[in-house]
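**Student:** task: produce atomic coordinates for the following.
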Amino acid sequence: MHQIDLALTNLTEQYKLDYVARQACGSVWYRSGGTILLASVAVDEIPTDDDFLPLVVQYIHKSYAVRKIPGGFIKREGKPSEFETLTSRIIDRTLRPLFPVGYRYPTQITILVLSYDGISDLQVCALHAAANALLLSSLDFIPPVSSVRIGKVQGSFVINHDKQAMLESSLDLYVAGSKGDILMIEMKGSDESLTEDELMAAIALAKQTIQADCTQYEAKLIPHKSSPKPLPLALTKTHPHIYEHIATHYSNDVRQAITQMSKSERNSELESLAKDIYAKNPIWELESIYDMLGLYKKHQVRAMILQEHRRADGRGLEEVRPISIETNVLPCAHSSALFTRGQTQALVVCTLGSENDAQIQEDLSGGGKERFMFHYNFPGFSVGEASMIGGVGRRELGHGNLAKKALESNIPPTKHTIRLVSEILESNGSSSMASVCGGSLALRACGLDNPLVAGVAMGLVIDGKQYAVLTDIMGLEDHDGDMDFKIAGTKHAITAMQMDIKLGGISPDILHDALHQAKRARIHILEQMEQAAQAIIPHTHLLPKSEYLSIPSHKIPDIIGQGGKVIKDIIERFKVSIDIERENERICIQADCAQNLQNAKAFITQLVSPNAHYEIGEEVDGTIKRIMDFGVFISLPRGNDGLLHISKIPQTMQPLGQFFREGDIIRCAIAGNPKGKIELILC
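**Tutor:** Numbers count the residues shown, from 1 in each chain. Reported below is the predicted structural model:
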């Protein structure tokens with residue numbers, strides 16, 4: 001067993017090697033403060049035949065890490081939480097580009113949180129543990145990798161602050177990289193002064209920190225690396241004669257196929273073309289023709305961009321596809337927005353609820369209530385695929401989380417719980433950014449005075465020193481390009497960003513150009529969104545109404561009643577929801593219409609007034625609630641129910657069902673109140 005202690009920027013780490021999980025291809029026992037993680041790498045030495053990297057990353061919380069037993073009926077860890085899924089995605093997106101082309105060996109990276117001190121940044125720690133388990137494994141092509149979280153507190157950048165301190169930060173920038181190369185960026189901002197240049201400065205600081213970390217990892221950990229395993233890479237099959245034949249005889253046909261905007265149409269064109277080539281050249285394998293056709297198509301797309309400065313759909317490099325916006329297209333929803341940009345279409349629906357509708361979050365930090373939710377759905381028909389709609393996958397969670405980050409810092413204070421749902425109806429390039437635009441408009445259509453936020457996806461094609469940054473990329477350019485860069489914000493500031501690099505890294509000059517080009521596109525989109533916002537006709541009759549009512553603390557039990565009887569009656573009678581804030585001595589009443597709100601407010605005001613109790617002999621108008629064999633239950637105007645016993649009802653008015661009907665108003669008097677039960681007589 002070897003123990004290695006490292007002092008990084010505002011982060012101390014301890015690695016124990018050859019300590020646990022020694023049958024894995026690589027493993028580390030990671031400690032930072034009271035947080036302990038076990039990261040392991042397992043590699044199957046039998047390669048797959050599939051043409052993709054078979055890498056799986058699982059980050060898993062253990063409840064015992066914070067002295068808890070899992071909640072719910074089943075007392076063991078089950079379905080991954082949203083935080084676990086998003087953390088797994090962060091690690092996967094960082095490490096996946098490090099594997100070489102042709103690596104086909106099933107690889108599993110598992111990170112278990114065994115102890116958590118409530119302070120450490122679990123996403124930073126988890127990536128370091130996973131990356132260094134991979135670095136120490138028998139895979140000899142993995143370089144040192146690190147990550148850093150940059151915050152902004154009182155106008156100054158801070159590095160690797162703990163979780164509690166980051167709550168005061170107006171910036172949450174997570175950057176992962178290897179030595180001098182940036183591999184992945186995620187960012188959320190709430191500072192109106194966060195400009196492109198300031199973000200560049202924060203990224204430069206992160207890059208410098210990552211480089212210093214990687215230098216330490218290289219010096220301290222690599223000497224303990226496992227002996228490399230002989231894992232031959234699958235050779236990329238090239239068929240120059242087929243490629244040349246396609247270039248000579250089918251160049252125009254490939255260009256024609258490229259111009260088919262939808263993925264299904266483009267694939268059909270290429271498939272038809274491959275079969276035509278095979279029919280005329282049956283000595284060639286059809287699979288080889290497909291491979292070379294795909295390679296030639298990729299080269300054509302990139303050549304058009306770099307040499308002709310023209311894209312497959314005829315747009316210029318900075319041109320945004322045509323945008324159309326409709327608001328409140330769903331007549332029975334609180335609000336909705338249908339945002340269409342080219343062949344990407346998102347229907348975003350906003351629903352306002354009460355505090356009781358907030359999502360309860362349980363994690364290792366103790367959890368809490370989430371009052372703003374963004375749910376993103378991506379059905380197969382949006383890309384022309386025949387597939388079942390099932391549970392939410394990692395991609396849906398990741399896109400929804402990005403849209404949530406983009407919008408939540410610009411939502412004004414509200415009493416409501418907010419749920420946005422984005423239904424992707426068509427997709428050909430950045431449906432997540434379309435969701436941001438539609439979500440911002442749906443919030444405005446709900447009557448919230450939120451600054452509009454727009455998002456745009458940027459791409460990159462690079463060949464040596466020549467490069468081109470693309471605005472509003474479509475699926476073809478994402479697939480054949482070198483970068484996927486999504487950025488959202490207002491006219492003045494960036495609110496969220498996500499970047500994945502398919503290359504080894506990206507230069508500051510390219511990043512600078514991409515950020516400023518994205519800002520120009522964002523302003524263009526925001527101008528059209530502002531025009532659409534001015535035409536919004538809100539569903540005023542559907543929007544919930546809410547109001548706070550001050551209630552002395554000693555009167556709150558009167559509103560609740562014995563066993564919650566009174567408050568349940570109020571909620572049922574007036575169709576409202578009630579949230580009680582004892583510490584603030586107030587309640588929040590929320591209703592679907594103004595009339596119900598005013599009726600509930602008047603009832604509660606009367607209930608807690610000094611004259612709320614009923615006096616013997618007092619006459620009241622009550623509502624018949626239930627008719628029983630022994631009498632009639634009557635709902636009284638200031639709460640509680642009274643019983644008009646059959647013995648108090650003349651024989652001429654019996655049987656009761658013929659003279660009384662539920663819902664009728666009846667005049668009666670208070671006859672007594674023994675043991676809290678109100679007795680009534682007819683007037």
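
**Student:** partners of the helix or strand encompassing G459, with directions?
**Tutor:** Per DSSP states H and E: G459 is located in strand 454-463. According to DSSP bridges, strand 454-463 forms sheet pairs with strand 466-471 (antiparallel), strand 483-489 (antiparallel).

**Student:** could you pull out the strands in the stretch 101-250 of the chain for me?
**Tutor:** Under the criterion DSSP state E, counting those that start in this stretch, the stretch 101-250 of the chain carries strands at the ranges 107-115, 146-153, 156-159, 171-178, 181-189.

**Student:** got a markdown table for those strands, with mean neighbour count and mean pLDDT too?
**Tutor:** Every residue, glycine included, has its C-beta placed from N, CA and C. Formatted as a markdown table, the strands of the stretch 101-250 of the chain follow (neighbours: other C-beta atoms under 10 Å; pLDDT from 0 to 100):
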| stretch | mean neighbour count | mean pLDDT |
| --- | --- | --- |
| strand 107-115 | 21 | 97 |
| strand 146-153 | 23 | 94 |
| strand 156-159 | 14 | 92 |
| strand 171-178 | 23 | 94 |
| strand 181-189 | 23 | 91 |
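
**Student:** nearest to Q517, out of the ones you listed?
**Tutor:** strand 181-189 (16.4 Å; C-beta to C-beta).

**Student:** surely L643 is in contact with G631?
**Tutor:** Yes - at 5.4 Å, L643 counts as touching G631 under the criterion of C-beta atoms under 8 Å.

**Student:** distance check, A532 against S440.
**Tutor:** 10 Å (C-beta to C-beta, to the nearest Å).

**Student:** the more surrounded of those two?
**Tutor:** In terms of neighbours (other C-beta atoms under 10 Å), S440 is the more surrounded of A532 and S440; the figures are 31 against 20.

**Student:** so for the more buried one, what's the pLDDT?
**Tutor:** At S440, the predicted lDDT confidence score is 97.

**Student:** burial measure for the closest residue to it other than its chain neighbours, as a count.
**Tutor:** In space, and not counting its chain neighbours, S440 is closest to V453: 4.5 Å by C-beta to C-beta, 6 or more residues apart in numbering. Neighbourhood size, V453 [other C-beta under 10 Å]: 30.

**Student:** V453 contacts I411, correct?
**Tutor:** No - under the criterion of C-beta under 8 Å, V453 makes no contact with I411, lying 9.9 Å away.

**Student:** now the longest helix belonging to the chain: mean pLDDT?
**Tutor:** Longest helix of the chain, by residue count under DSSP state H: helix 508-534. Helix 508-534 shows a mean pLDDT of 93.

**Student:** buried residues of it, list them for me.
**Tutor:** 510-511, 513-515, 517-519, 521-522, 524-526, 528-529, 532-533 (16 or more other C-beta atoms under 10 Å).

**Student:** run the chain-centre distance for that helix.
**Tutor:** 22 Å (C-alpha atoms, centre = their mean, to the nearest Å).

**Student:** ditto for stretch 358-374
**Tutor:** 13 Å.

**Student:** quick one: residues in contact with it.
**Tutor:** 61, 63, 65-66, 71, 81-83, 113, 116, 118, 122, 163, 355, 400-401, 403-404, 407-408, 411, 416-422, 435, 439 (C-beta atoms under 8 Å, 6 or more residues apart in numbering).

**Student:** output the strand holding G459 as CSV, restricted to C-alpha atoms.
**Tutor:** Coordinates of each C-alpha in strand 454-463 appear next as CSV, following Å, rounded to 0.1, in the frame of the first residue of the first chain:
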residue,chain,number,x,y,z
ALA,A,454,-31.8,33.2,-25.2
GLY,A,455,-29.5,30.3,-26.0
VAL,A,456,-27.5,29.3,-29.1
ALA,A,457,-25.3,26.3,-30.0
MET,A,458,-21.9,27.0,-31.5
GLY,A,459,-19.7,24.6,-33.5
LEU,A,460,-16.1,24.5,-34.7
VAL,A,461,-14.3,23.0,-37.7
ILE,A,462,-10.6,23.1,-37.5
ASP,A,463,-7.8,21.9,-39.8
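
**Student:** buried residues, that strand. List them.
**Tutor:** The neighbour-count check on strand 454-463 (16+ other C-beta under 10 Å) flags 454-462 as buried.

**Student:** mind listing what I69 touches?
**Tutor:** 63, 75.

**Student:** 6 Å instead, please
**Tutor:** K75 (C-beta atoms under 6 Å, 6 or more residues apart in numbering).

**Student:** where does it land in three-state SS?
**Tutor:** Following DSSP: H, G, I helix; E, B strand; the rest coil, the label given to I69 is coil.

**Student:** tell me how far it lies from P650.
**Tutor:** Distance of I69 to P650, computed by C-beta to C-beta: 62 Å.

**Student:** for L476, same thing?
**Tutor:** Distance of L476 to P650, computed by C-beta to C-beta: 85 Å.

**Student:** of the two, which one has the most company?
**Tutor:** The neighbour count for L476 versus P650, taken as other C-beta under 10 Å, is higher for L476 (23 against 8).

**Student:** now the more buried one: closest residue in space that isn't a chain neighbour?
**Tutor:** A312 (5.7 Å).

**Student:** again with L114
**Tutor:** With C-beta to C-beta, 6+ apart, the residue lying closest to L114 is I36, at 4.8 Å.

**Student:** tell me the mean pLDDT for the helix or strand hosting the one you found?
**Tutor:** Using DSSP H and E, I36 maps to strand 35-43. Averaged over strand 35-43, pLDDT sits at 97.

**Student:** ok, now stretch 354-362?
**Tutor:** Stretch 354-362 shows a mean pLDDT of 81.

**Student:** what about that stretch, distance to the chain center?
**Tutor:** Chain-centre distance of stretch 354-362: 16 Å, with C-alpha atoms, centre = their mean.

**Student:** what's the end-to-end length of it?
**Tutor:** Stretch 354-362 has its terminal residues 20 Å apart, counting by C-alpha to C-alpha, to the nearest Å.

**Student:** neighbouring contacts of the lowest-mean-pLDDT helix or strand in the chain?
**Tutor:** The helix or strand of the chain with the lowest confidence, counting by mean pLDDT, DSSP states H and E, is helix 163-166 at a mean of 78. Applying C-beta under 6 Å, 6+ apart, the contact partners of helix 163-166 are 121, 151.

**Student:** mind listing what's buried in it?
**Tutor:** Here helix 163-166 shows M166 as buried, counting by 16+ other C-beta under 10 Å.

**Student:** and if you look at stretch 265-284?
**Tutor:** Under the neighbour-count criterion of 16+ other C-beta under 10 Å, stretch 265-284 has 266, 269-270, 273-274, 277-278, 284 buried.

**Student:** now, which of these sits nearest R93?
**Tutor:** The nearest member of the buried residues of stretch 265-284 to R93, counting by C-beta to C-beta, is R266 at 25.9 Å.

**Student:** name the element that closest one belongs to?
**Tutor:** Going by DSSP H and E, R266 is part of helix 263-280.

**Student:** now that helix: average pLDDT?
**Tutor:** 81.

**Student:** which strands or helices does that helix pack on?
**Tutor:** On a contact count with 3 or more C-beta pairs under 6 Å, 6 or more residues apart in numbering; DSSP states H and E, helix 263-280 meets helix 251-258, helix 286-308.

**Student:** circling back: list buried residues within the contacts of stretch 358-374.
**Tutor:** 61, 63, 65-66, 81-83, 113, 116, 122, 355, 400-401, 403-404, 407-408, 411, 416-422, 435, 439.
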